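Enquirer: Fold the following and give me the result.
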Amino acid sequence: MADRDADKYFAHSGNDQGDWDPLRIHLKDVATRAQIFAQVFQAGDAAYLAGLLHDLGKYGDLFQDRLRGKESGLDHWSVGAGLSLERYRSCEVALAVQGHHVGLQWWEREELRKLLTANLEQCIRPQRLTEKDPGVLLARLEADGLKLPEGIPTGLSDPKCAASMLDVRMLFSALVDADYLSTEQHFDREAAQSRVPAAELQAAEAADVLERHLEAVTNGSDSSSAVAEIRRDLRGACYAAAEGATGLFTLTAPTGAGKTLSTLAFALRHAKRNRLRRIVVVMPFLSIIDQTVRVYREALAEMEKSGPGDRYILEHHSLALEEAVFHVEGRRLRGMLAQNWDAPIVITTSVQFLESLFSDSPADCRKLHRLAESVVVFDEVQTLPLKVVVPTLATLSHLSARYRSSVVFSTATQPAFRHLDARVRRHCAMGWSPREIVPSELRLFDRAHRVRVSWPKREERIGWPDLAMEFAQLSQVLCIVNLKRHARDFFHLLQPQWGDGAFHLSTAMCPKHRAAVLQEVRARLGAGARCALVATQCVEAGVDLDFPAVFRALGPLDSIAQAAGRCNRNGKLEAGTLRVFVPEDGGSPPGVYKQATDLTAALLNADGGLSIDDPAAFEQYFRVLYSIARVEDPGLLEFIQARDFREVRKRYRIIDQDSVNVLVAYDREKYEDLAKEARNKGLSRNWVARARLYAVSCYRRDAGAMEPVPMKDRSESGDWYLYERNYDFRTGLEVPQELEFLGA
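Expert: Purely as a prediction, here's the structure:
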């Protein structure tokens, strides 16, 4: 047991061994860790200062009394933030220090003035300062053997708002992660020790492992020779482009061309060439993340075996976290590593990655400093909501330029984001001018033409019974529609004819349910059994399915092209068939989706046909779409311009905020366990991570028929509900009359 008389000031009270945490040791440890983290992007001195100042108020006598249970309601962080302004004139350090407990606030002159010594005591009420005189705290810091630096570098590499906000978040991330790790070292030494040694990317070795795997896959593939040649050419293009400097890239290649492993090959070789530290893969949907993880683990199995445990590929999403959160040893470690992304390869979702990139929260921002000197791959980037595109591109551009990272946008239907360059430059000096990895002379799309597209004639519509009759002539067929009610109604119409060969897939089904359906569908396709799948567009981007025939309701041109990617994917047929149709009762999701659908119809009627194999056609399509659709959220941009971290976090959303999460009874036992825990303990981060697997996201209109999940203080969360009725094991959550707020 530590001798508490040897130190007078402590950062934390006793741990399980009865040892108290000396403040001098904690401040020095946090400062050193933060400096190491931030030195990667030349902000080590600022991070070191932030580490020394972040808990300066703990030198106050009132805080020491608080550790002994004699005081409460104290602010021990704002005084350090104020000193960083008064002594160093550093807004970035001030915001980071202030935010490590309360989240990043508002970078505004009058707001920051509240942190100055003359104003601080009144502005933090009803909380109290641990010591009114900062000089007393500084004297105790120096008496403890710590010394503040004489000065630190000031100024931003790019003062524009989206860019400068990222700079603050990266410094904040380094401080917060250092603080969390140091505190973990005190309270849970076993957990802290399990993080050591950290796995390293070892890009050269991993690239060789992947190359051997690719050779084995190629030799054992049953794809056609034409498809195999396209995949070889794509890999060759990735190998060549990987030798370039870090920057912004696009990878535009047809579906079935092997983008998943080719992009990984680019990332590993590029990391080797530029001495980068990790690879982060960002996927748009949970429905496709499992297959990507499986492909990566098979390809790099040798690396996982040679590293410390299974720490080489880290999954950070709800499908992985369910079993990672509370389990000991390996699963517990994966849950810990997900907090700060301390792994060579991280696979996560667009929501997790991008909303963290625009967050004010210590827990969300903690991992961001790991993005410096990384390769960040975005899969199926056309799914990025237009309303957040401009600030997203600006922030990613600054991430690349300032933090020596490479960003890759990989898809078969590349959005024409480069035409937004002028708008992006308002928020980031570098703008958006990526390099295309695949040379046009390879003509991959021309060579990959393996689907015959049948377009509807002008004014031609078809009813569901007639469409079902066309299905009767087929043995394996996929139908993709625009609305959940269309998918449900058509599935019920098909089922009497197809029996257990009929399947339904939509976001009315929870992730666990959708994963089970996809597994069964793939098994039937592989066995040559009868199979009719009716799905919404959730089945399109990146889902590895190979049907000989696909039907697609008229929708956005890029969605139609993605549907074609589920047809004759491996080129086993001379040509698959894609039939585009217009349902008799029409119907389309509102907003940009409907605008894009109407644009596709207009282009079709004007030209008498469209090409889904011509990147130039998509270039024209997206350019017109950007001119008619709102590609900016004025409110979000206003808060970014004001550099208000709190409001930006509220406004920046990948998924529509006007929705609620509903825990459903797909798995009765899981539902009852989670519902009981929610009622007894209230909402928690760990509960949410486990519940997402069994939840359906629904529009918020009238949630009165559902049971709200309470917060820990028993108030309503407003975002989570329990509903054990009306879950169909074929089509998911049905919409009874009292739940019509769920919409389409």
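
Enquirer: From Ala561, how far off is Phe547?
Expert: Phe547 sits 15 Å away from Ala561 when distances are taken as CB to CB, to the nearest Å. C-beta here means a position set from N, CA and C on the backbone, and glycine is covered the same way.

Enquirer: Look at those two and report which has more neighbours.
Expert: Using other CB atoms under 10 Å, the more surrounded residue of Phe547 and Ala561 is Ala561, with 29 against 24.

Enquirer: hang on, that one is in a helix, isn't it?
Expert: Yes. Checked against DSSP: H, G, I helix; E, B strand; the rest coil, Ala561 lies within a helix.

Enquirer: so who does the closest residue to it other than its chain neighbours touch?
Expert: Distances taken as CB to CB, 6 or more residues apart in numbering place Ile612 nearest to Ala561, at 4.1 Å, with adjacent residues excluded. Contacts for Ile612 (CB atoms under 8 Å, 6 or more residues apart in numbering) come out as Val451, Val453, Leu557, Ile560, Ala561, Ala564.

Enquirer: What of Tyr9?
Expert: Pro22, Leu23, Arg24, Lys58, Tyr59, Gln64, Arg140, Asp144.

Enquirer: sorry, back to before: what backbone torsions are found at the residue nearest to Ala561?
Expert: The phi and psi values for Ile612, taken as degrees, to the nearest 10, are phi -100, psi 10.

Enquirer: And the pLDDT at it?
Expert: On pLDDT, Ile612 comes in at 82.

Enquirer: how far away is it from Asp290?
Expert: 27 Å.

Enquirer: for Ser715, same thing?
Expert: Taking CB to CB, one finds Ser715 at 35 Å from Asp290.

Enquirer: ditto for Val539
Expert: 14 Å.

Enquirer: These two - which one has more neighbours?
Expert: Val539 (27 against 19).

Enquirer: you'd agree the more buried one is up against Leu505?
Expert: Yes. Using CB atoms under 8 Å, Val539 is in contact with Leu505, at 5.5 Å.

Enquirer: anything in contact with each of those two?
Expert: With CB under 8 Å, 6+ apart as the test, Val539 and Leu505 both reach Leu533.

Enquirer: looking at the protein, which helix or strand is least sure?
Expert: Using mean pLDDT, DSSP states H and E, the weakest-scoring helix or strand in the chain turns out to be helix 318-321, at a mean of 55.

Enquirer: Got the phi and psi for Val662?
Expert: phi -120, psi 120.

Enquirer: which SS class is Met170?
Expert: Quick answer, by three-state DSSP: Met170 is helix.

Enquirer: contacting residues around it?
Expert: Ala38, Phe41, Ala43, Leu368, His369, Leu371, Ala372, Tyr403.

Enquirer: Can you name the two of those residues that sit furthest apart?
Expert: Pairwise distances across those (CB to CB) peak at 13.6 Å, for the pair Ala43 and Leu371.

Enquirer: how about the helices in the stretch 351-500 of the chain?
Expert: 362-365, 389-403, 421-425, 444-447, 464-471, 484-498 (DSSP state H, counting those that start in this stretch).

Enquirer: How about residues contacting the third one?
Expert: Contact with helix 421-425 is made by Val390, Leu393, Ala394, Ser397, Gly431, Trp432, Ser433, Val631, Glu632, as judged by CB under 8 Å, 6+ apart.

Enquirer: Mind picking the lowest-pLDDT entry from those?
Expert: Out of those, that is Val631, at 78.

Enquirer: okay, now the closest residue to that one other than its chain neighbours: neighbour count?
Expert: Spatial nearest neighbour of Val631, chain neighbours left out: Leu386 (4.6 Å); criterion: CB to CB, 6+ apart. Around Leu386 there are 19 other residues, counting by other CB under 10 Å.

Enquirer: Alright, calling it a day.
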